[in-house]
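Colleague: output the structure for:
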Amino acid sequence: MIPQRTLIENPGKIRQKNEKTILDSAEIEFAKYGYEGATIKSIAERAGLPKANIHYYFKSKLDLYAAVLNDILDMWNAAFDGIDIHSNPAHALEHYIRAKVEYSRTHGRASRIFACEMISGAPYLRRYLQNEFHYWVSEKAQVIHHWIRQGLIAPIHPMHLFMMIWGATQYLADAQVQVESLLRKPELAGQDYEAFASDLVTVILKGCGLQSYRKTACLTATESSLEFA
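Modeller: Down below sits the predicted model:
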């Protein structure tokens, strides 16, 4: 389990603003230099705050790193937290896929920090992955097993399904430069993420023997994404 952020209680807008500024600055530093390369000093300079202010909200660099990782993990998990055996499989999976694509658009740096942590062998996340995360995924896998037993979706290994969704959705953030090169875009726009989400929903749901609950798709964006010349 990664250390939980240790914040000194100081209610109010100033505290919220400072914490957000610190976390945003920490994301940039961790994404550029990794955990070892980033320093509290560089994060404070980027945030435009005294170094002492960083320690006021986060007791150490590890505590701050944990906060950045916790934020992205909380968001990713929240998108599937409310799903249970009574949920509509097509609705649930489509919502999850679209939410994960949106997180790649809005929190790309955090996703890349997570990717670097995994590539490095998860030195700070290993216990979390083996415990809390494993239990969370196992619980959700039981939901998918139930859908399969009820004949609601095609037989598929739940872990494989999760891995396919994670790999595809997080790729947009983790390999953003490559994606922009493939699509010949100087920068990805909202419609690019929407087009990708729609295509991924189609592929995943069809593979599960399901159909999208959305009656209309973003055809213009999808068609434009197929123009390679």
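
Colleague: contacts, neighbours, all on C-alpha from now
Modeller: OK.

Colleague: grab the longest helix from the chain for me.
Modeller: Ranked by residue count under DSSP state H, the longest helix found in the chain is helix 13-37.

Colleague: for it, give the mean pLDDT please.
Modeller: Mean pLDDT, helix 13-37: 90.

Colleague: ok, now stretch 169-188?
Modeller: 95.

Colleague: outside of the longest helix of the chain, which residues touch it?
Modeller: By C-alpha atoms under 8 Å, 6 or more residues apart in numbering, the residues outside helix 13-37 that reach it are 38-39, 42-44, 46-47, 54, 57, 64-65, 67-68, 109-110, 112-113, 116.

Colleague: narrow those to those that are buried.
Modeller: With burial judged by 16 or more other C-alpha atoms under 10 Å, the buried subset of those is 38-39, 43-44, 46-47, 54, 57, 64-65, 67-68, 109-110, 112-113, 116.

Colleague: in helices, which of those residues fall?
Modeller: Those of the buried ones among the contacts of helix 13-37 lying in helices (DSSP H): 43-44, 46-47, 54, 57, 64-65, 67-68, 109-110, 112-113, 116.

Colleague: quick check: the two most widely separated of the residues you listed?
Modeller: Longest distance between any two of these is 24.7 Å, between Tyr57 and Cys116; criterion C-alpha to C-alpha.

Colleague: quick one: contacts for Tyr65?
Modeller: Tyr65 touches Ala26, Phe30, Tyr35, counting by C-alpha under 8 Å, 6+ apart.

Colleague: between these, which sits nearest Gln211?
Modeller: Phe30 (39.6 Å).

Colleague: could you list the low-pLDDT ranges of the protein?
Modeller: 1-12, 213-229 (pLDDT under 70).

Colleague: could you redo the last one with a cut-off of 50?
Modeller: 10, 215-229 (pLDDT under 50).

Colleague: can you list the domains in it?
Modeller: Here the domain assignment for the chain is 1-68, 82-225, based on automatic domain parsing.

Colleague: okay if I get those as CSV plus distance to Trp76?
Modeller: CSV is the format used below for the domains of the chain (distance: least, C-alpha to C-alpha, whole Å):
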stretch, distance to Trp76
domain 1-68, 13
domain 82-225, 7
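
Colleague: out of those domains, flag the one nearest Met75.
Modeller: Taking these one by one with C-alpha to C-alpha, domain 82-225 is closest: 7.8 Å.

Colleague: what sits against Glu94?
Modeller: Shown in contact with Glu94 (C-alpha under 8 Å, 6+ apart): Val201, Leu205, Ser212.

Colleague: need phi/psi at it.
Modeller: When quoted as degrees, to the nearest 10, the phi and psi of Glu94 stand at phi -60, psi -40.
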